[in-house]
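Enquirer: Fold the following and give me the result.
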Amino acid sequence: MKPENGQEQTEEKRKGSFNHPSARMPNIKVFTGSSHPEIAKKIVARLGINLGRATTKKFSNKETNVEIGESVRGEDVYIVQSGCGEINDNLMELFIMINACKIASASRVTAVIPCFPYSRQDKKEKSRAPITAKLLANLVSVAGADHVITIDLHSSQIQGFFNIPVDNLYAEPAITKWIKENIPDWKSSVMVSPDAGGVKRMTAIADRLDIDFAIIHKERERANEGDSTVLVGSVKNRIAIMVDDLADTCDTIVKGAEALYEAGAVKVYAILTHGVFAGNAIEKINKSCLEGIVVTNTIPQEANMKTCPKIQTIDISVMLAEAIRRTHYAESVSYLFTNVPY
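Expert: As a prediction, this is how the structure comes out:
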(Lines give C-alpha, C1' and ligand atoms only; values in the text may rest on other atoms or scores of the structure.)
Protein backbone atom coordinates (compact mmCIF):
# COMPACT_ATOMS: atom_id res chain seq x y z
CA MET A 1 0.00 0.00 0.00
CA LYS A 2 1.44 3.36 -1.07
CA PRO A 3 1.79 5.86 1.78
CA GLU A 4 0.00 9.17 1.63
CA ASN A 5 1.99 12.21 0.44
CA GLY A 6 2.44 13.61 3.96
CA GLN A 7 3.57 10.25 5.28
CA GLU A 8 6.07 9.86 2.42
CA GLN A 9 7.59 13.32 3.04
CA THR A 10 7.93 12.60 6.77
CA GLU A 11 9.74 9.34 5.98
CA GLU A 12 12.09 11.13 3.56
CA LYS A 13 12.85 13.82 6.13
CA ARG A 14 13.59 11.18 8.74
CA LYS A 15 15.98 9.36 6.41
CA GLY A 16 17.60 12.60 5.30
CA SER A 17 18.16 13.67 8.91
CA PHE A 18 19.66 10.29 9.84
CA ASN A 19 21.99 10.21 6.84
CA HIS A 20 23.23 13.76 7.25
CA PRO A 21 26.73 13.65 8.86
CA SER A 22 26.16 16.61 11.19
CA ALA A 23 22.89 15.16 12.44
CA ARG A 24 24.46 11.93 13.69
CA MET A 25 27.66 13.57 15.01
CA PRO A 26 27.64 13.00 18.78
CA ASN A 27 28.48 15.57 21.43
CA ILE A 28 32.10 16.03 22.45
CA LYS A 29 33.82 15.25 25.75
CA VAL A 30 37.50 15.84 26.54
CA PHE A 31 39.13 14.09 29.52
CA THR A 32 42.68 14.25 30.78
CA GLY A 33 44.94 11.80 32.51
CA SER A 34 47.42 12.85 35.18
CA SER A 35 50.50 13.20 32.94
CA HIS A 36 49.85 16.69 31.50
CA PRO A 37 46.57 18.28 32.67
CA GLU A 38 47.79 21.79 31.75
CA ILE A 39 47.71 21.15 28.01
CA ALA A 40 44.25 19.55 28.31
CA LYS A 41 42.96 22.70 30.06
CA LYS A 42 44.33 24.84 27.22
CA ILE A 43 42.70 22.57 24.64
CA VAL A 44 39.24 22.79 26.19
CA ALA A 45 39.61 26.55 26.68
CA ARG A 46 40.32 26.86 22.96
CA LEU A 47 37.33 24.64 22.13
CA GLY A 48 35.07 26.59 24.50
CA ILE A 49 33.97 23.54 26.49
CA ASN A 50 34.49 22.22 30.01
CA LEU A 51 37.00 19.52 30.86
CA GLY A 52 35.30 16.18 31.49
CA ARG A 53 35.10 14.96 35.09
CA ALA A 54 37.36 12.00 35.77
CA THR A 55 39.17 10.87 38.91
CA THR A 56 42.38 8.86 38.90
CA LYS A 57 44.00 7.39 42.00
CA LYS A 58 46.15 4.52 43.19
CA PHE A 59 45.08 1.71 45.48
CA SER A 60 47.36 0.72 48.35
CA ASN A 61 48.89 -2.00 46.17
CA LYS A 62 49.71 0.64 43.46
CA GLU A 63 46.98 -0.50 41.08
CA THR A 64 45.48 2.33 39.03
CA ASN A 65 41.84 3.23 39.54
CA VAL A 66 39.87 5.48 37.18
CA GLU A 67 36.35 6.82 37.63
CA ILE A 68 34.61 8.68 34.80
CA GLY A 69 32.37 11.20 36.56
CA GLU A 70 29.80 11.87 33.84
CA SER A 71 27.87 10.09 31.13
CA VAL A 72 29.68 9.42 27.85
CA ARG A 73 26.92 7.38 26.16
CA GLY A 74 26.85 8.29 22.47
CA GLU A 75 29.58 10.91 22.96
CA ASP A 76 32.69 11.66 20.91
CA VAL A 77 35.37 11.23 23.59
CA TYR A 78 38.95 12.54 23.53
CA ILE A 79 41.43 11.47 26.21
CA VAL A 80 44.60 13.57 26.54
CA GLN A 81 47.59 11.74 27.99
CA SER A 82 51.20 12.52 27.05
CA GLY A 83 54.12 10.10 27.30
CA CYS A 84 55.99 11.75 30.16
CA GLY A 85 56.46 11.53 33.92
CA GLU A 86 55.79 8.04 35.25
CA ILE A 87 55.37 6.75 31.71
CA ASN A 88 54.28 3.18 32.44
CA ASP A 89 51.74 4.21 35.10
CA ASN A 90 50.40 6.93 32.81
CA LEU A 91 50.05 4.48 29.93
CA MET A 92 48.07 2.08 32.14
CA GLU A 93 45.90 5.01 33.18
CA LEU A 94 45.27 5.84 29.52
CA PHE A 95 44.29 2.25 28.67
CA ILE A 96 41.88 2.09 31.60
CA MET A 97 40.29 5.44 30.69
CA ILE A 98 39.84 4.35 27.07
CA ASN A 99 38.28 1.06 28.13
CA ALA A 100 36.05 2.72 30.74
CA CYS A 101 34.63 5.11 28.12
CA LYS A 102 34.27 2.37 25.53
CA ILE A 103 32.28 0.01 27.75
CA ALA A 104 30.19 3.01 28.89
CA SER A 105 28.89 3.19 25.29
CA ALA A 106 30.94 6.14 24.00
CA SER A 107 30.38 6.55 20.27
CA ARG A 108 34.07 7.03 19.51
CA VAL A 109 37.18 7.24 21.69
CA THR A 110 40.26 9.13 20.48
CA ALA A 111 43.58 8.91 22.32
CA VAL A 112 45.36 12.28 22.13
CA ILE A 113 49.01 11.47 22.88
CA PRO A 114 51.10 14.62 22.23
CA CYS A 115 54.39 12.81 22.93
CA PHE A 116 54.15 9.15 21.91
CA PRO A 117 56.28 7.06 24.30
CA TYR A 118 58.57 4.19 23.29
CA SER A 119 58.75 5.66 19.78
CA ARG A 120 62.51 5.16 19.61
CA GLN A 121 62.01 1.41 19.93
CA ASP A 122 60.51 1.16 16.45
CA LYS A 123 62.81 -1.49 14.96
CA LYS A 124 65.09 -4.35 15.90
CA GLU A 125 68.54 -2.92 16.58
CA LYS A 126 69.96 -6.38 17.38
CA SER A 127 68.90 -9.98 17.79
CA ARG A 128 66.06 -10.68 20.24
CA ALA A 129 65.33 -6.96 20.69
CA PRO A 130 61.65 -6.00 21.02
CA ILE A 131 59.76 -3.59 18.78
CA THR A 132 58.05 -1.89 21.71
CA ALA A 133 56.41 0.86 19.66
CA LYS A 134 54.45 -1.84 17.81
CA LEU A 135 53.45 -3.46 21.12
CA LEU A 136 52.21 -0.11 22.40
CA ALA A 137 50.21 0.45 19.22
CA ASN A 138 48.52 -2.91 19.76
CA LEU A 139 47.74 -2.07 23.39
CA VAL A 140 46.10 1.25 22.46
CA SER A 141 43.92 -0.55 19.91
CA VAL A 142 43.02 -3.44 22.22
CA ALA A 143 42.06 -0.99 24.98
CA GLY A 144 39.36 0.27 22.63
CA ALA A 145 40.70 3.44 20.98
CA ASP A 146 39.17 4.21 17.59
CA HIS A 147 41.63 6.93 16.61
CA VAL A 148 44.97 8.42 17.71
CA ILE A 149 46.21 12.00 17.48
CA THR A 150 49.90 12.64 18.15
CA ILE A 151 52.70 15.06 17.25
CA ASP A 152 56.02 14.36 15.52
CA LEU A 153 56.44 10.62 15.84
CA HIS A 154 60.10 9.67 16.04
CA SER A 155 59.67 7.80 12.75
CA SER A 156 56.72 7.98 10.38
CA GLN A 157 56.46 4.20 9.95
CA ILE A 158 55.02 3.93 13.48
CA GLN A 159 51.69 4.95 11.92
CA GLY A 160 51.75 1.60 10.14
CA PHE A 161 51.92 -0.24 13.46
CA PHE A 162 48.29 0.70 14.16
CA ASN A 163 45.18 -0.88 12.69
CA ILE A 164 43.21 2.29 13.52
CA PRO A 165 43.53 5.79 11.98
CA VAL A 166 46.47 7.88 13.22
CA ASP A 167 46.87 11.64 12.70
CA ASN A 168 50.57 12.45 13.10
CA LEU A 169 50.65 16.25 13.27
CA TYR A 170 53.85 18.18 12.59
CA ALA A 171 55.40 20.88 14.77
CA GLU A 172 57.07 22.41 11.69
CA PRO A 173 54.50 25.21 11.16
CA ALA A 174 54.76 26.30 14.82
CA ILE A 175 58.57 26.09 14.75
CA THR A 176 58.72 28.12 11.53
CA LYS A 177 56.48 30.77 13.05
CA TRP A 178 58.62 30.95 16.21
CA ILE A 179 61.82 31.41 14.19
CA LYS A 180 60.32 34.26 12.17
CA GLU A 181 59.02 36.02 15.27
CA ASN A 182 61.99 35.53 17.64
CA ILE A 183 65.21 35.42 15.60
CA PRO A 184 65.75 38.83 13.95
CA ASP A 185 68.36 37.68 11.39
CA TRP A 186 66.68 34.38 10.56
CA LYS A 187 66.92 34.99 6.79
CA SER A 188 70.71 34.70 6.95
CA SER A 189 70.73 31.81 9.44
CA VAL A 190 71.53 28.15 8.77
CA MET A 191 69.35 25.18 9.73
CA VAL A 192 71.36 22.29 11.17
CA SER A 193 70.55 18.66 11.85
CA PRO A 194 72.56 17.34 14.84
CA ASP A 195 72.62 13.83 13.32
CA ALA A 196 71.77 11.99 10.12
CA GLY A 197 68.40 10.82 11.46
CA GLY A 198 66.94 14.32 11.59
CA VAL A 199 67.92 15.45 8.10
CA LYS A 200 64.44 15.07 6.58
CA ARG A 201 62.81 17.12 9.36
CA MET A 202 65.50 19.81 9.18
CA THR A 203 65.43 20.19 5.38
CA ALA A 204 61.62 20.50 5.44
CA ILE A 205 61.88 23.54 7.74
CA ALA A 206 64.81 24.97 5.77
CA ASP A 207 62.76 24.73 2.57
CA ARG A 208 59.81 26.50 4.23
CA LEU A 209 62.09 29.35 5.33
CA ASP A 210 64.15 29.26 2.11
CA ILE A 211 67.48 29.28 3.97
CA ASP A 212 70.68 27.19 3.84
CA PHE A 213 71.22 24.05 5.86
CA ALA A 214 74.06 21.95 7.23
CA ILE A 215 74.47 18.49 8.78
CA ILE A 216 76.59 17.32 11.71
CA HIS A 217 77.88 13.87 10.83
CA LYS A 218 79.36 11.56 13.46
CA GLU A 219 82.05 9.16 12.35
CA ARG A 220 84.30 6.70 14.11
CA GLU A 221 87.80 6.64 12.67
CA ARG A 222 89.07 3.53 14.47
CA ALA A 223 87.60 0.79 16.61
CA ASN A 224 87.32 1.52 20.34
CA GLU A 225 87.86 5.23 19.77
CA GLY A 226 85.35 8.00 20.46
CA ASP A 227 83.15 9.51 17.77
CA SER A 228 84.36 12.57 15.90
CA THR A 229 82.00 15.11 14.37
CA VAL A 230 82.21 16.46 10.84
CA LEU A 231 80.16 19.48 9.78
CA VAL A 232 78.82 19.25 6.24
CA GLY A 233 78.05 22.84 5.24
CA SER A 234 79.13 26.29 6.43
CA VAL A 235 77.93 28.25 9.48
CA LYS A 236 80.78 30.77 9.68
CA ASN A 237 79.62 34.19 10.97
CA ARG A 238 75.99 33.05 10.87
CA ILE A 239 73.28 32.01 13.33
CA ALA A 240 72.89 28.23 13.53
CA ILE A 241 69.50 26.68 14.38
CA MET A 242 69.59 22.99 15.30
CA VAL A 243 66.33 21.09 14.88
CA ASP A 244 65.42 17.65 16.22
CA ASP A 245 62.31 15.80 17.36
CA LEU A 246 63.40 14.86 20.89
CA ALA A 247 66.00 15.78 23.51
CA ASP A 248 66.59 13.24 26.26
CA THR A 249 70.06 13.45 27.85
CA CYS A 250 70.95 16.40 25.57
CA ASP A 251 74.45 15.04 24.79
CA THR A 252 73.86 15.28 21.04
CA ILE A 253 72.52 18.84 21.24
CA VAL A 254 75.28 20.15 23.54
CA LYS A 255 78.11 18.54 21.53
CA GLY A 256 76.50 19.77 18.33
CA ALA A 257 76.45 23.34 19.66
CA GLU A 258 80.14 23.11 20.56
CA ALA A 259 80.97 21.87 17.05
CA LEU A 260 79.01 24.72 15.48
CA TYR A 261 80.78 27.37 17.58
CA GLU A 262 84.13 25.84 16.64
CA ALA A 263 83.03 26.14 12.99
CA GLY A 264 82.44 29.88 13.43
CA ALA A 265 78.75 30.18 14.27
CA VAL A 266 77.77 33.48 15.95
CA LYS A 267 74.85 32.05 17.95
CA VAL A 268 73.41 28.56 18.28
CA TYR A 269 69.76 27.78 19.00
CA ALA A 270 68.22 24.32 19.47
CA ILE A 271 64.54 23.78 18.63
CA LEU A 272 62.97 20.47 19.61
CA THR A 273 59.45 19.07 19.59
CA HIS A 274 59.66 16.96 22.76
CA GLY A 275 61.82 18.13 25.66
CA VAL A 276 62.28 15.04 27.84
CA PHE A 277 65.38 16.39 29.66
CA ALA A 278 66.22 13.24 31.62
CA GLY A 279 69.00 12.83 34.16
CA ASN A 280 71.28 15.87 34.41
CA ALA A 281 70.19 17.31 31.05
CA ILE A 282 69.19 20.68 32.59
CA GLU A 283 72.65 21.05 34.14
CA LYS A 284 74.26 20.33 30.76
CA ILE A 285 72.09 22.95 29.05
CA ASN A 286 72.94 25.60 31.68
CA LYS A 287 76.66 24.96 31.19
CA SER A 288 76.44 24.75 27.39
CA CYS A 289 77.16 27.46 24.84
CA LEU A 290 73.57 27.34 23.54
CA GLU A 291 71.91 30.73 23.16
CA GLY A 292 68.53 29.15 23.81
CA ILE A 293 66.70 25.83 23.63
CA VAL A 294 63.10 25.89 22.45
CA VAL A 295 60.63 23.04 22.94
CA THR A 296 56.89 22.60 22.47
CA ASN A 297 54.67 21.94 25.48
CA THR A 298 53.90 18.32 24.56
CA ILE A 299 55.69 17.65 27.88
CA PRO A 300 55.30 19.97 30.93
CA GLN A 301 58.25 22.39 31.17
CA GLU A 302 57.26 24.71 34.02
CA ALA A 303 59.69 23.16 36.53
CA ASN A 304 62.55 23.03 33.99
CA MET A 305 62.06 26.66 32.98
CA LYS A 306 62.49 27.76 36.63
CA THR A 307 65.93 26.12 36.85
CA CYS A 308 67.06 26.78 33.27
CA PRO A 309 66.49 30.29 31.83
CA LYS A 310 67.62 29.12 28.38
CA ILE A 311 64.47 26.99 27.90
CA GLN A 312 61.53 28.54 26.04
CA THR A 313 58.28 26.87 24.99
CA ILE A 314 56.01 26.91 21.96
CA ASP A 315 52.34 26.31 22.77
CA ILE A 316 51.10 23.41 20.65
CA SER A 317 47.66 23.15 22.31
CA VAL A 318 46.10 25.34 19.60
CA MET A 319 47.04 22.77 16.96
CA LEU A 320 45.72 19.86 19.04
CA ALA A 321 42.46 21.69 19.76
CA GLU A 322 41.94 22.39 16.05
CA ALA A 323 42.71 18.76 15.20
CA ILE A 324 40.07 17.65 17.73
CA ARG A 325 37.52 20.12 16.36
CA ARG A 326 38.13 19.06 12.76
CA THR A 327 37.97 15.37 13.69
CA HIS A 328 34.72 15.91 15.60
CA TYR A 329 33.06 17.63 12.64
CA ALA A 330 34.55 15.18 10.10
CA GLU A 331 36.69 17.87 8.44
CA SER A 332 40.12 17.42 6.88
CA VAL A 333 43.15 17.97 9.14
CA SER A 334 45.62 18.34 6.26
CA TYR A 335 45.56 22.13 6.73
CA LEU A 336 47.39 21.66 10.04
CA PHE A 337 50.34 19.95 8.33
CA THR A 338 51.41 23.29 6.84
CA ASN A 339 49.66 25.99 8.88
CA VAL A 340 49.27 27.18 12.47
CA PRO A 341 45.58 27.86 13.27
CA TYR A 342 44.74 31.39 14.37
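Enquirer: Could you give the bridge partners of the most centrally placed residue in the chain?
Expert: Centroid-nearest residue in the chain, with Cα atoms, centre = their mean: residue 151, separated by 2.6 Å. Beta-bridge partners for residue 151, by DSSP bridges, are residue 169.
Enquirer: Residue 316 is in contact with that one, correct?
Expert: Yes - here residue 151 reaches residue 316: they are 6.3 Å apart, a contact under Cβ atoms under 8 Å. Any C-beta I mention is one placed from the backbone N, CA and C, and that applies to glycine too.
Enquirer: What residues does residue 193 make contact with?
Expert: 199, 201-203, 213-216, 242-244 (Cβ atoms under 8 Å, 6 or more residues apart in numbering).
Enquirer: that older thread, which residues are in contact with each of residue 151 and residue 316?
Expert: Common neighbours of residue 151 and residue 316 (Cβ under 8 Å, 6+ apart) are 114, 171, 296, 298.
Enquirer: TSV for the residues you listed, including pLDDT, distance to residue 37 and neighbour count?
Expert: Formatted as TSV, these follow (pLDDT from 0 to 100; distance: Cβ to Cβ, whole Å; neighbours: other Cβ atoms under 10 Å):
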residue	pLDDT	distance to residue 37	neighbour count
114	98	12	29
171	95	21	25
296	97	17	26
298	97	14	30
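Enquirer: Name the nearest of those residues relative to residue 320.
Expert: Among these, residue 114 lies closest to residue 320 (Cβ to Cβ), at 6.6 Å.
Enquirer: sorry, back to before: mind picking the two most distant members of the shared contacts of residue 151 and residue 316?
Expert: The most distant members of the shared contacts of residue 151 and residue 316, if one measures by Cβ to Cβ, are 114 and 171, lying 10.0 Å apart.
Enquirer: any shared contact partners between the two?
Expert: Counting by Cβ under 8 Å, 6+ apart, the residues touching both residue 114 and residue 171 are 151, 316.
Enquirer: I'd like to know how far the residue nearest to the centre of the chain sits from residue 265.
Expert: Distance, residue 151 to residue 265, by Cβ to Cβ, to the nearest Å: 28 Å.
Enquirer: How about residue 92?
Expert: As judged by Cβ to Cβ, residue 92 and residue 265 stand 44 Å apart.
Enquirer: These two: which is more packed in?
Expert: residue 265 (26 against 17; other Cβ atoms under 10 Å).
Enquirer: Backbone torsions only: list them for that one.
Expert: Main-chain dihedrals, residue 265, degrees, to the nearest 10: phi -70, psi 140.
Enquirer: Repeat that for residue 121.
Expert: Main-chain torsions, residue 121, degrees, to the nearest 10: phi -100, psi 60.
Enquirer: There's contact between it and residue 137 in this structure, I believe.
Expert: No - using Cβ under 8 Å, residue 121 is not in contact with residue 137, being 11.5 Å away.
Enquirer: When those two are compared, which one has more neighbours?
Expert: Per other Cβ under 10 Å, whichever of residue 121 and residue 137 has more neighbours is residue 137, with 24 against 18.
Enquirer: could you pull out the strands for the stretch 1-150 of the chain?
Expert: 28-32, 54-58, 64-68, 76-80, 108-113, 147-151 (DSSP state E, counting those that start in this stretch).
Enquirer: so which of the ones you listed gets nearest residue 125?
Expert: Residue 125 sits nearest to strand 147-151 of all the strands of the stretch 1-150 of the chain, at 22.5 Å, using Cβ to Cβ.
Enquirer: and the angle for the closest one with strand 108-113?
Expert: 20 degrees (axes from the mean of the first three to the mean of the last three Cα atoms, to 10 degrees).
Enquirer: any residues touching strand 147-151, and which ones?
Expert: Residues external to strand 147-151 that are found in contact with it (Cβ under 8 Å, 6+ apart): 78, 108-116, 140, 162, 164-171, 273, 296, 298, 316, 319-320, 323-324, 327.
Enquirer: Mark which of these are buried, thanks.
Expert: Neighbour counting by 16 or more other Cβ atoms under 10 Å classes 78, 108-116, 140, 162, 166-167, 169-171, 273, 296, 298, 316, 319-320, 323-324, 327 among the contacts of strand 147-151 as buried.
Enquirer: Restricted to strands, list the contacts of residue 193.
Expert: Among those, the members found in strands (DSSP state E) are 213-216, 242-244.
Enquirer: Name the nearest residue to residue 302, ignoring sequence neighbours.
Expert: When the adjacent residues along the chain are set aside, residue 302 lies closest to residue 38, with 7.6 Å between them (Cβ to Cβ, 6 or more residues apart in numbering).
Enquirer: Contacts only, for that neighbour.
Expert: Contacts of residue 38 by Cβ under 8 Å, 6+ apart are 297, 300, 302.
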